[in-house]
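Asker: sequence isn't available, so here's the structure alone:
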């Protein structure tokens, strides 16, 4: 765009440049038009984004409180005890010797090595909590069961060591529950 040189003479002495469409001549110099801004202020857009995120977090908390196993790969011992009262099945994946040295009452003994052949006895419509001594083998068992199509599986965080540390009930001896 060519640059216009402005005159230093007073307006009255400047030559008129053609007819103007308006009745009164413009006293302001013309400015280049700026791109139009959004009609919403930035703070309003940020407020909407924050509201959407807050609502999403609230929904996630409500859902996770109702079904903690859906979002947690591991479950705390006290939460596991509560889920057991609601009908969750506890699968102990330790060896027989470990099992008789202390296990959760009502748990099923399914050693990790035998789990692929024994899992058919488990219900697919109930929460399954896998447990071992420290929580490592129970995570492996959780993955095995999930891959086999069990939709509601979690593992006991910290295993039997965490269960005992919380002073939750433990059964000792040979009271193996059959898996059928």
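Answerer: Yep, it's here. Keep in mind the model is a prediction, meaning the values are calculated, not measured. Numbering: from 1, shown residues only.

Asker: quick one: the helices in this structure?
Answerer: For the chain, applying DSSP state H gives helices covering 42-66, 68-71, 77-85, 96-100, 115-118, 136-147, 159-165.

Asker: turn the ones you listed into CSV, including mean pLDDT, distance to residue 173 and mean neighbour count.
Answerer: Placement of C-beta: from N, CA and C, glycine included. Listed next are the helices of the chain as CSV, based on pLDDT from 0 to 100; distance: least, Cβ to Cβ, whole Å; neighbours: other Cβ atoms under 10 Å:
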stretch, mean pLDDT, distance to residue 173, mean neighbour count
helix 42-66, 78, 37, 10
helix 68-71, 48, 29, 16
helix 77-85, 95, 20, 18
helix 96-100, 93, 6, 15
helix 115-118, 94, 22, 14
helix 136-147, 94, 22, 19
helix 159-165, 96, 15, 19
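
Asker: nearest to residue 130, out of those helices?
Answerer: Of all the helices of the chain, helix 136-147 sits nearest to residue 130, with 4.0 Å by Cβ to Cβ.

Asker: I would like the residues contacting that closest one, please.
Answerer: By Cβ atoms under 8 Å, 6 or more residues apart in numbering, the residues outside helix 136-147 that reach it are 73-74, 91, 93-94, 110, 112, 115-116, 119, 122, 128, 130-132, 153-156, 159.

Asker: which ones among these map onto strands?
Answerer: 74, 91, 128, 130, 131, 153, 154, 155, 156 (DSSP state E).

Asker: so which of the helices of the chain comes closest to residue 174?
Answerer: Across the helices of the chain, closest to residue 174 is helix 96-100 (Cβ to Cβ), at 5.2 Å.

Asker: I'd like to know which elements that closest one is packed against.
Answerer: If contacts are counted by 3 or more Cβ pairs under 8 Å, 6 or more residues apart in numbering; DSSP states H and E, helix 96-100 sits against no helix or strand.

Asker: check what contacts that helix and list those residues.
Answerer: Contacts for helix 96-100 (Cβ under 8 Å, 6+ apart): 92, 109, 111, 133, 172, 173, 174, 176.

Asker: most neighbours of all the residues you listed, which one?
Answerer: residue 92 (29 neighbours; other Cβ atoms under 10 Å).

Asker: any idea how far residue 171 is from the nearest residue to that residue once chain neighbours are set aside?
Answerer: Nearest residue to residue 92, sequence neighbours excluded (Cβ to Cβ, 6 or more residues apart in numbering): residue 107, at 4.5 Å. Noted for residue 107: a distance of 8 Å to residue 171, by Cβ to Cβ, to the nearest Å.

Asker: more neighbours, the two?
Answerer: With neighbours defined as other Cβ under 10 Å, residue 107 and residue 171 compare such that residue 107 has more, 24 against 13.
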